[in-house]
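**Student:** the sequence and its predicted three-dimensional model are supplied below.
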Amino acid sequence: MDPKLDLLYRLADDQLILGHRNSEWNGLGPILEEDIAFSSMAQDKLGHSLQLYSLLHQLGEAEPDTVAFTRNAPQFHCCQLVELPIGEYDFSLTRHFLFDHAELLRFEALATSTYEPLAQVARKLRGELKYHVLHANTWMKRLGTATEEAIERMQRSLNFTLPYALGIFEKTDAEAEIISTGLFVGEDELRSRWLESITKVVAQTALEMPDVLSLAPVAGGRQGQHTEFLQPLLDEMAEVFRLDPTADW
(Lines give C-alpha, C1' and ligand atoms only; values in the text may rest on other atoms or scores of the structure.)
Protein backbone atom coordinates (compact mmCIF):
# COMPACT_ATOMS: atom_id res chain seq x y z
CA MET A 1 0.00 0.00 0.00
CA ASP A 2 1.13 3.54 -0.74
CA PRO A 3 2.71 4.90 2.47
CA LYS A 4 0.38 7.92 2.57
CA LEU A 5 -2.67 5.66 2.34
CA ASP A 6 -1.24 3.27 4.91
CA LEU A 7 -0.67 6.06 7.43
CA LEU A 8 -3.98 7.82 6.81
CA TYR A 9 -6.08 4.68 7.11
CA ARG A 10 -4.52 3.84 10.46
CA LEU A 11 -5.07 7.37 11.76
CA ALA A 12 -8.63 7.69 10.49
CA ASP A 13 -9.80 4.24 11.56
CA ASP A 14 -8.48 4.74 15.11
CA GLN A 15 -10.36 8.02 15.41
CA LEU A 16 -13.61 6.70 13.94
CA ILE A 17 -13.81 3.57 16.07
CA LEU A 18 -12.81 5.19 19.37
CA GLY A 19 -15.12 8.09 18.60
CA HIS A 20 -17.99 5.62 18.26
CA ARG A 21 -16.99 3.80 21.43
CA ASN A 22 -16.74 7.02 23.46
CA SER A 23 -20.17 8.07 22.20
CA GLU A 24 -21.60 5.05 24.03
CA TRP A 25 -21.07 6.95 27.29
CA ASN A 26 -23.79 9.40 26.23
CA GLY A 27 -26.34 9.24 29.04
CA LEU A 28 -24.26 6.76 31.05
CA GLY A 29 -21.44 8.87 32.48
CA PRO A 30 -20.80 8.47 36.23
CA ILE A 31 -21.54 12.17 36.67
CA LEU A 32 -23.12 14.71 34.31
CA GLU A 33 -19.77 16.43 33.73
CA GLU A 34 -18.24 13.21 32.42
CA ASP A 35 -21.30 12.33 30.36
CA ILE A 36 -20.85 15.62 28.52
CA ALA A 37 -17.05 15.34 28.34
CA PHE A 38 -16.99 11.89 26.74
CA SER A 39 -19.75 12.87 24.31
CA SER A 40 -17.79 15.98 23.31
CA MET A 41 -14.54 14.07 22.83
CA ALA A 42 -16.40 11.46 20.79
CA GLN A 43 -17.71 14.19 18.51
CA ASP A 44 -14.18 15.57 18.14
CA LYS A 45 -12.81 12.17 17.16
CA LEU A 46 -15.51 11.60 14.56
CA GLY A 47 -14.69 15.03 13.14
CA HIS A 48 -11.00 14.13 13.07
CA SER A 49 -11.75 10.92 11.21
CA LEU A 50 -13.77 12.84 8.61
CA GLN A 51 -10.84 15.15 7.90
CA LEU A 52 -8.50 12.19 7.52
CA TYR A 53 -10.90 10.22 5.31
CA SER A 54 -11.25 13.38 3.21
CA LEU A 55 -7.48 13.35 2.65
CA LEU A 56 -7.79 9.73 1.53
CA HIS A 57 -10.53 10.76 -0.91
CA GLN A 58 -8.22 13.43 -2.33
CA LEU A 59 -5.70 10.65 -2.96
CA GLY A 60 -8.23 8.65 -4.97
CA GLU A 61 -9.98 6.56 -2.31
CA ALA A 62 -13.77 6.41 -2.00
CA GLU A 63 -15.80 9.17 -0.34
CA PRO A 64 -15.57 9.35 3.47
CA ASP A 65 -19.01 7.88 4.17
CA THR A 66 -18.36 4.98 1.83
CA VAL A 67 -14.97 4.25 3.39
CA ALA A 68 -16.35 4.51 6.93
CA PHE A 69 -19.58 2.55 6.50
CA THR A 70 -19.07 -0.13 3.85
CA ARG A 71 -15.93 -1.94 4.97
CA ASN A 72 -15.93 -5.02 7.18
CA ALA A 73 -13.61 -5.70 10.12
CA PRO A 74 -10.70 -7.29 8.16
CA GLN A 75 -10.53 -4.13 6.01
CA PHE A 76 -10.01 -1.84 9.02
CA HIS A 77 -6.56 -0.75 10.18
CA CYS A 78 -7.36 0.43 13.72
CA CYS A 79 -5.47 -0.92 16.70
CA GLN A 80 -7.40 -3.38 18.85
CA LEU A 81 -7.38 -1.00 21.82
CA VAL A 82 -10.01 1.29 20.31
CA GLU A 83 -12.52 -1.46 19.48
CA LEU A 84 -12.89 -2.92 22.97
CA PRO A 85 -16.28 -2.29 24.65
CA ILE A 86 -16.46 0.70 26.99
CA GLY A 87 -16.68 -1.50 30.10
CA GLU A 88 -16.59 0.33 33.42
CA TYR A 89 -15.57 3.97 33.64
CA ASP A 90 -12.10 3.14 34.99
CA PHE A 91 -11.30 1.18 31.81
CA SER A 92 -12.63 3.83 29.41
CA LEU A 93 -10.75 6.55 31.28
CA THR A 94 -7.50 4.56 31.21
CA ARG A 95 -7.92 3.86 27.50
CA HIS A 96 -8.62 7.55 26.93
CA PHE A 97 -5.45 8.47 28.87
CA LEU A 98 -3.17 6.05 27.03
CA PHE A 99 -4.59 6.63 23.56
CA ASP A 100 -4.84 10.41 23.64
CA HIS A 101 -1.31 10.85 24.95
CA ALA A 102 -0.16 8.88 21.91
CA GLU A 103 -2.41 10.86 19.56
CA LEU A 104 -1.29 14.26 20.81
CA LEU A 105 2.36 13.30 20.35
CA ARG A 106 1.56 11.77 16.96
CA PHE A 107 -0.16 14.87 15.64
CA GLU A 108 2.52 17.15 17.05
CA ALA A 109 5.03 15.14 15.01
CA LEU A 110 2.77 15.09 11.96
CA ALA A 111 2.62 18.90 12.05
CA THR A 112 5.99 18.87 10.26
CA SER A 113 5.18 16.02 7.86
CA THR A 114 6.45 16.35 4.30
CA TYR A 115 2.89 15.61 3.19
CA GLU A 116 1.61 19.16 3.62
CA PRO A 117 -2.15 18.42 3.54
CA LEU A 118 -1.68 16.07 6.51
CA ALA A 119 0.62 18.54 8.25
CA GLN A 120 -2.08 21.21 7.96
CA VAL A 121 -4.71 18.90 9.46
CA ALA A 122 -2.31 17.92 12.27
CA ARG A 123 -1.62 21.54 13.17
CA LYS A 124 -5.36 22.12 13.40
CA LEU A 125 -6.26 19.03 15.40
CA ARG A 126 -3.46 19.05 17.96
CA GLY A 127 -5.12 21.94 19.79
CA GLU A 128 -8.23 19.84 20.48
CA LEU A 129 -6.11 16.88 21.49
CA LYS A 130 -4.35 18.98 24.13
CA TYR A 131 -7.70 19.38 25.87
CA HIS A 132 -8.37 15.65 25.62
CA VAL A 133 -5.04 14.93 27.31
CA LEU A 134 -5.68 17.58 29.96
CA HIS A 135 -9.02 15.93 30.76
CA ALA A 136 -7.44 12.47 30.94
CA ASN A 137 -4.58 13.64 33.15
CA THR A 138 -6.94 15.39 35.55
CA TRP A 139 -9.03 12.29 36.16
CA MET A 140 -6.09 9.89 36.28
CA LYS A 141 -4.54 12.02 39.02
CA ARG A 142 -7.85 12.48 40.83
CA LEU A 143 -8.82 8.79 40.89
CA GLY A 144 -5.24 7.59 41.17
CA THR A 145 -4.91 9.39 44.51
CA ALA A 146 -8.45 8.89 45.82
CA THR A 147 -9.87 6.02 47.84
CA GLU A 148 -8.31 2.59 48.16
CA GLU A 149 -11.03 1.17 45.92
CA ALA A 150 -10.49 3.82 43.24
CA ILE A 151 -6.74 3.26 43.22
CA GLU A 152 -7.18 -0.52 43.05
CA ARG A 153 -9.60 -0.25 40.13
CA MET A 154 -7.42 2.20 38.23
CA GLN A 155 -4.36 -0.01 38.77
CA ARG A 156 -6.24 -3.05 37.47
CA SER A 157 -7.36 -1.11 34.40
CA LEU A 158 -3.85 0.18 33.74
CA ASN A 159 -2.41 -3.34 33.97
CA PHE A 160 -5.06 -4.70 31.59
CA THR A 161 -4.99 -1.88 29.07
CA LEU A 162 -1.26 -1.30 28.62
CA PRO A 163 -0.62 -4.35 26.36
CA TYR A 164 -3.45 -3.19 24.10
CA ALA A 165 -2.06 0.36 24.13
CA LEU A 166 1.31 -0.94 22.94
CA GLY A 167 -0.56 -2.15 19.86
CA ILE A 168 -1.02 1.50 18.88
CA PHE A 169 2.59 1.44 17.73
CA GLU A 170 2.36 -1.69 15.59
CA LYS A 171 4.38 -1.21 12.41
CA THR A 172 3.33 -2.01 8.87
CA ASP A 173 5.31 -2.87 5.76
CA ALA A 174 5.28 0.84 4.85
CA GLU A 175 7.12 1.92 8.02
CA ALA A 176 10.59 2.34 6.49
CA GLU A 177 9.27 4.43 3.59
CA ILE A 178 7.07 6.51 5.89
CA ILE A 179 10.18 7.48 7.87
CA SER A 180 12.58 7.89 4.94
CA THR A 181 10.21 10.19 3.04
CA GLY A 182 9.56 12.36 6.09
CA LEU A 183 5.87 11.53 6.36
CA PHE A 184 6.23 10.68 10.04
CA VAL A 185 8.98 10.06 12.63
CA GLY A 186 7.99 6.41 13.01
CA GLU A 187 6.31 4.22 15.60
CA ASP A 188 9.42 3.46 17.67
CA GLU A 189 10.11 7.15 18.22
CA LEU A 190 6.46 7.83 19.02
CA ARG A 191 6.37 4.94 21.49
CA SER A 192 9.44 6.30 23.28
CA ARG A 193 7.93 9.79 23.60
CA TRP A 194 4.61 8.32 24.74
CA LEU A 195 6.15 6.17 27.44
CA GLU A 196 7.98 9.16 28.86
CA SER A 197 4.79 11.23 28.78
CA ILE A 198 2.47 8.75 30.50
CA THR A 199 5.09 7.74 33.07
CA LYS A 200 5.35 11.35 34.27
CA VAL A 201 1.61 11.45 34.94
CA VAL A 202 1.41 8.04 36.61
CA ALA A 203 4.28 9.08 38.89
CA GLN A 204 1.98 11.78 40.32
CA THR A 205 -0.50 9.15 41.53
CA ALA A 206 -0.49 6.17 43.87
CA LEU A 207 -0.48 3.86 40.85
CA GLU A 208 2.49 1.71 39.90
CA MET A 209 3.66 1.84 36.29
CA PRO A 210 4.00 -1.74 34.98
CA ASP A 211 7.27 -2.77 33.37
CA VAL A 212 6.36 -2.01 29.77
CA LEU A 213 9.42 -3.82 28.40
CA SER A 214 8.12 -7.08 29.86
CA LEU A 215 4.69 -6.76 28.25
CA ALA A 216 3.74 -8.41 24.96
CA PRO A 217 1.92 -5.87 22.75
CA VAL A 218 -1.54 -6.89 21.56
CA ALA A 219 -0.97 -6.49 17.83
CA GLY A 220 -2.70 -7.46 14.60
CA GLY A 221 -5.13 -4.61 14.22
CA ARG A 222 -2.97 -2.76 11.70
CA GLN A 223 -3.00 -5.95 9.58
CA GLY A 224 -6.80 -6.39 9.72
CA GLN A 225 -6.81 -8.86 12.62
CA HIS A 226 -9.39 -7.75 15.15
CA THR A 227 -11.31 -8.81 18.25
CA GLU A 228 -14.82 -10.22 18.05
CA PHE A 229 -16.10 -6.80 19.12
CA LEU A 230 -15.28 -4.83 15.97
CA GLN A 231 -17.70 -6.32 13.43
CA PRO A 232 -20.81 -5.87 15.63
CA LEU A 233 -19.72 -2.28 16.25
CA LEU A 234 -19.38 -1.69 12.49
CA ASP A 235 -22.78 -3.28 11.81
CA GLU A 236 -24.41 -0.99 14.36
CA MET A 237 -22.55 2.09 13.19
CA ALA A 238 -23.43 1.54 9.51
CA GLU A 239 -27.03 0.35 9.92
CA VAL A 240 -28.73 3.49 8.65
CA PHE A 241 -26.22 4.10 5.86
CA ARG A 242 -26.61 0.54 4.57
CA LEU A 243 -30.37 0.82 4.59
CA ASP A 244 -30.23 3.86 2.31
CA PRO A 245 -26.77 5.05 1.17
CA THR A 246 -28.40 7.91 -0.76
CA ALA A 247 -30.20 9.36 2.28
CA ASP A 248 -29.63 13.10 2.66
CA TRP A 249 -29.61 14.39 6.23
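**Tutor:** Everything's here; your move. Model, not experiment: these values are computed from the prediction.

**Student:** at which residues are the helices of this protein located?
**Tutor:** Here the chain has its helices, by DSSP state H, at 3-23, 32-58, 64-69, 89-110, 116-143, 148-166, 175-180, 187-202, 230-237, 239-243.

**Student:** closest to Cys78 out of these?
**Tutor:** Cys78 sits nearest to helix 3-23 of all the helices of the chain, at 3.9 Å, using Cβ to Cβ. All C-beta spots, glycine's among them, are computed from the backbone N, C-alpha and C.

**Student:** the inter-axis angle of the closest one versus helix 116-143?
**Tutor:** 30 degrees (axes from the mean of the first three to the mean of the last three Cα atoms, to 10 degrees).

**Student:** kindly reformat the helices of the chain as TSV containing mean neighbour count, distance to Leu81 and mean pLDDT.
**Tutor:** As requested, these are exported to TSV (neighbours: other Cβ atoms under 10 Å; distance: least, Cβ to Cβ, whole Å; pLDDT from 0 to 100):
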stretch	mean neighbour count	distance to Leu81	mean pLDDT
helix 3-23	24	8	96
helix 32-58	18	13	87
helix 64-69	18	19	93
helix 89-110	23	6	96
helix 116-143	17	14	95
helix 148-166	18	4	97
helix 175-180	15	19	97
helix 187-202	17	13	98
helix 230-237	17	11	93
helix 239-243	11	24	69
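
**Student:** right, and those - which one's nearest Ala219?
**Tutor:** Checking these against Ala219 by Cβ to Cβ gives helix 148-166 as the closest, at 8.0 Å.

**Student:** hmm, back to that, need the helices of the chain in a markdown table (columns: distance to Gly221).
**Tutor:** Below are the helices of the chain laid out as a markdown table (distance: least, Cβ to Cβ, whole Å):
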| stretch | distance to Gly221 |
| --- | --- |
| helix 3-23 | 9 |
| helix 32-58 | 16 |
| helix 64-69 | 17 |
| helix 89-110 | 13 |
| helix 116-143 | 20 |
| helix 148-166 | 9 |
| helix 175-180 | 15 |
| helix 187-202 | 13 |
| helix 230-237 | 9 |
| helix 239-243 | 23 |
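
**Student:** figure out which of these is closest to Leu215.
**Tutor:** Ranking these by their distance to Leu215 (criterion: Cβ to Cβ) puts helix 148-166 first, at 5.0 Å.

**Student:** packing partners for the closest one?
**Tutor:** Identification of packing neighbours for helix 148-166 by 3 or more Cβ pairs under 8 Å, 6 or more residues apart in numbering; DSSP states H and E yields helix 89-110, helix 116-143.
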